[in-house]
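S.K.: Make a model of this:
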Amino acid sequence: MVDISFLKKFKKPSFSFDFLTGKPTRVVGIDIGMFSVKVVQLRYEGERAILETYGELLSEQYFKNAEQITGGGFLRYLDNDVATLLKDVLRESNVTAKEAVLSVPATASFVTPISFPRLSEKELESAIPLEARKYVPIPLSEVILDWDVLETEGEKDSIEVLLIAVSREVVEKFKRVAKLAEIIPLALEIETFSLARSLARYDMVPTALINFGHTATTLTVVDKGRLQISHSIGRGAQELTKALERGLKVSAARAEALKREVGMSERIEEREITSVMTPLVRALFAELERLLSLYNRKSPRKIQKVLLAGGGSNLQGMVEYVVSKFGVEVARANPFGRIVSPVFMQPILRELGPTFSVAVGLALREITTR
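M.R.: Numbers count the residues shown, from 1 in each chain. All right, here's what the predicted structure looks like:
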């Protein structure tokens, strides 16, 4: 069976469904998105992770037949269509590993911190399912729960627990797709945890990870290598493309190209383009600012760094724009930075890093939980 303990990297799993007796030497991380699917294959040598191959394939031509299922994004589409996409990207990317870790979209999961009186571990195990009923919007019998006790500063009468819930229906869909694609699913993992592993595992300062996806943007805060909060906002890079398509009366392909080429440019000759995108970006960042301000008010440790991931983070001028909004250190994600790779490939890997951040984190899961 597949391991579906979403916090395995932090603690001993509350439930574990490992079916392999030994650890594989090669693992492929598979990040399935509405815009594209990304794969990264790593080989393990001791504590070293060595990049063997990676690849990306656009999803649009595969996602045509929707079905009714809990969760958004690619989860709406037929098992056979998703499996065909996976087979094609694995073949085209020359992936040889059969063991895989797959990402669960943040929009198909529920993650929230909740407070408890200071209880023993045994008392928490009894209390959390009861308290979870107040927060999880569907019956607990239909979800898989996991949790992690967050570190607190000093002695306090209460503790914070990070609660995670994923629909059993979603988990079963992944199992069916994996079987059709002829891969062995070592684990499923919510994409925000994969992102945290690849980008902020070694950061000792509170770091905000902003993942600009195709249809949604996620904000995750990690402190001392542990996820603190995660929020998903239903606005992504696709919204900018559609706005340009309508506003400038151009094709979808031309709108996508303009978005990437111009981005947040302040050049006068490009104001016709930026004037269409800027209101949408401002609306998104107003929500991000609100969430980060709320975190900073509640936490004694304030956000000191922001890392940008996802395809939307590659827009021209995005780093400078985020610096102007938050006034802290801002950088694009570089998940390949601690992975062994040929020197001649490192410039292109830095450029691709934001897009492959989740896939790298998925592939790293097995080496960080050995």
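S.K.: now what about the helix or strand containing Ser126, what contacts it?
M.R.: In this structure, Ser126 sits in helix 121-132 according to DSSP states H and E. Contacts to helix 121-132, defined as Cβ atoms under 8 Å, 6 or more residues apart in numbering, come from residues Ser14, Ile114, Phe116, Leu119, Leu140, Leu145, Trp147, Val149, Val161, Leu163, Ala165. The C-beta positions use only the backbone N, C-alpha and C, and glycine is treated the same way.
S.K.: elements contacting the helix or strand just after that helix?
M.R.: As assigned by DSSP H and E, the chain's next helix or strand after helix 121-132 is strand 143-149. Helices and strands touching strand 143-149, by 3 or more Cβ pairs under 8 Å, 6 or more residues apart in numbering; DSSP states H and E, are helix 121-132, strand 158-167, helix 168-181.
S.K.: got these as TSV, with mean pLDDT columns?
M.R.: Below are the helices and strands packed on strand 143-149 laid out as TSV (pLDDT from 0 to 100):
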stretch	mean pLDDT
helix 121-132	88
strand 158-167	88
helix 168-181	92
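S.K.: of all those, which lies closest to Tyr54?
M.R.: Smallest distance to Tyr54 across the helices and strands packed on strand 143-149 (Cβ to Cβ): 17.6 Å, for helix 168-181.
S.K.: Could I get the buried residue list for the helix holding Ser126?
M.R.: Judged by neighbour count (16 or more other Cβ atoms under 10 Å), helix 121-132 contains these buried residues: Leu124, Ile128, Glu131, Ala132.
S.K.: Tell me what angle that helix forms with strand 158-167.
M.R.: Interaxial angle of helix 121-132 relative to strand 158-167 (axes from the mean of the first three to the mean of the last three Cα atoms, to 10 degrees): 60 degrees.
S.K.: switch to numbering from 39
M.R.: From this message on, residue numbering opens at 39, which makes the last subject helix 159-170.
S.K.: out of the buried residues of helix 159-170, who's nearest Ser131?
M.R.: Nearest to Ser131, judged by Cβ to Cβ, of the buried residues of helix 159-170 is Ala170 at 38.7 Å.
S.K.: distance of that closest one from Val204?
M.R.: Ala170 sits 12 Å away from Val204 when distances are taken as Cβ to Cβ, to the nearest Å.
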